[in-house]
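A.B. asks: Predicted model and sequence follow; I will ask about them next.
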Amino acid sequence: MLITGVGIACGSAAVAETVGTHKAFLPQDIKWGPMPPNLPTGAEAAVLYGDPSKEGMFALRLKAPKGYRIAPHTHPNPEAITVISGKITLGMGPSADRVSVEYLPAGSFASMPHRVVHYVFVDEDSIVQVNATGPWGIDYVNAKDDPRLNGVPDPSSGLYSSKQK
């Protein structure tokens, strides 16, 4: 889902320490950075807790504008999402349509077991939090939807993919 998720690939996004310290973030203190290379450009990400590239829990926030979308995909581990602000549409299945969908306004929660095909449309500027266990990965149903295959970055890097490209 959105979520994409993501510590290494977030560039300047904050990666919170998780060993031996308490961390709290006020909204204005969250450091947003570019999306990881396996998610479409046009949104921002911030890792609040953990490291999505490693084993263990993590919390990732995604800030996406109206019109942003993530094509049908799966993840190797279960994930839970909370819509912090805005409104998104969550659909299930290999075809990104608006027929079999759920509309999730601010305050909504959704969970997906691993390997369940889903997709997202952002209906209003939104912030979504993803909680999952790493290492995080995303596999698109259709390879043409994978941003890594559009020239950035080198698809042989395999960053955050549960399948080597």
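C.D. replies: Cool, got the structure. As the structure is a computational prediction, the values presented were derived from the model and not from experiment.

A.B. asks: what kind of secondary structure is Lys66 in?
C.D. replies: coil (DSSP: H, G, I helix; E, B strand; the rest coil).

A.B. asks: Wait, it touches Asp125, no?
C.D. replies: Yes - look at Lys66 against Asp125 with CB atoms under 8 Å: they come within range, at 5.5 Å. Where you see a C-beta, it was placed from the backbone N, CA and C, and this is true even at glycine.

A.B. asks: The two - which one has more neighbours?
C.D. replies: Asp125 (15 against 12; other CB atoms under 10 Å).

A.B. asks: Show me the shaky parts of this protein.
C.D. replies: Per-residue confidence of the chain (counting by pLDDT under 70) places the weak regions at 1-20, 151-165.

A.B. asks: mind redoing it with 90?
C.D. replies: When residues are selected by pLDDT under 90, those of the chain lie in 1-25, 99-100, 149-165.

A.B. asks: what's near enough to touch Tyr68?
C.D. replies: By CB atoms under 8 Å, 6 or more residues apart in numbering, the contact list for Tyr68 reads Pro40, Gly42, Ala43, Phe121, Val122.

A.B. asks: Go again with 10 Å.
C.D. replies: 2, 35, 39-43, 62, 88, 120-123, 125-126 (CB atoms under 10 Å, 6 or more residues apart in numbering).

A.B. asks: Throw together a ChimeraX command that grabs the buried residues out of those residues.
C.D. replies: The buried residues among the contacts of Tyr68 can be selected in ChimeraX (16 or more other CB atoms under 10 Å) with this line:
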select :2,35,39,40,43,62,88,120,121,122,123,126
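
A.B. asks: ok, what's across the strand from Ile70?
C.D. replies: Here Ile70 sits in beta bridges with Val120, as judged by DSSP bridges.

A.B. asks: measure it to Ala43 for me?
C.D. replies: Separation of Ile70 from Ala43 (CB to CB, to the nearest Å) stands at 9 Å.

A.B. asks: again with Ile88
C.D. replies: In terms of CB to CB, Ile88 sits 12 Å off from Ala43.

A.B. asks: same check, this time on Ala132
C.D. replies: For Ala132, the distance to Ala43 - CB to CB - is 17 Å.

A.B. asks: if I look at Ile88 and Ala43, which residues touch both of them?
C.D. replies: Common neighbours of Ile88 and Ala43 (CB under 10 Å, 6+ apart) are Leu2, Leu62, Ala64, Tyr68, Ile70, Val122, Ser126, Val128.

A.B. asks: For my notes, please list the residues you listed in JSON lines and give distance to Leu104 for each entry.
C.D. replies: Output for the shared contacts of Ile88 and Ala43, formatted as JSON lines (distance: CB to CB, whole Å):
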{"residue": "Leu2", "distance to Leu104": "11"}
{"residue": "Leu62", "distance to Leu104": "13"}
{"residue": "Ala64", "distance to Leu104": "13"}
{"residue": "Tyr68", "distance to Leu104": "14"}
{"residue": "Ile70", "distance to Leu104": "14"}
{"residue": "Val122", "distance to Leu104": "10"}
{"residue": "Ser126", "distance to Leu104": "9"}
{"residue": "Val128", "distance to Leu104": "9"}
